[in-house]
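> Quick one, structure for this:
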Amino acid sequence: WKHEKEIRVFSRTEFVPVTIKKMYLGCQMPDTQKQLIRALMKKLDPLVNVEELRREDLDSNVPENAI
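Numbers count the residues shown, from 1 in each chain. Below you'll find the model as predicted:
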């Protein structure tokens, strides 16, 4: 998924320590799943910002530095 600007990490250890700051929910994700994820994140780490993507956020004509 090129539009997701995904980063992959390769490591010799089983886990890589990360801090999640923001989580994006896909624009086609069912509302029930969005509600579940929001509720889970609120309990696990209320500091994580959970945002919903909109179709226009995925427009391939948007310059990369604008997102």
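> Which stretches in this structure count as helices?
Assigned by DSSP state H, the helices in the chain fall at 31-44.
> for it, what spans make up the strands?
For the chain, applying DSSP state E gives strands covering 22-25, 49-52.
> Mind checking the ones you listed for the one nearest to Lys43?
Nearest to Lys43, of all the strands of the chain, is strand 49-52, at 12.2 Å by Cβ to Cβ. The C-beta positions use only the backbone N, C-alpha and C, and glycine is treated the same way.
> Tell me the strands beside the closest one, with direction?
Looking at strand 49-52 with DSSP bridges, its partner strands are strand 22-25 (parallel).
> just the CA coordinates of the partner strand, formatted as CSV?
C-alpha atoms of strand 22-25 as CSV (Å, rounded to 0.1, in the frame of the first residue of the first chain):
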residue,chain,number,x,y,z
LYS,A,22,-1.1,7.9,16.3
MET,A,23,-3.3,5.2,14.8
TYR,A,24,-5.2,5.6,11.5
LEU,A,25,-8.4,3.7,10.8
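> want to throw the strands of the chain into a markdown table with mean pLDDT, distance to Lys42 and mean neighbour count?
Shown next, in a markdown table, are these (pLDDT from 0 to 100; distance: least, Cβ to Cβ, whole Å; neighbours: other Cβ atoms under 10 Å):
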| stretch | mean pLDDT | distance to Lys42 | mean neighbour count |
| --- | --- | --- | --- |
| strand 22-25 | 92 | 11 | 12 |
| strand 49-52 | 94 | 8 | 12 |
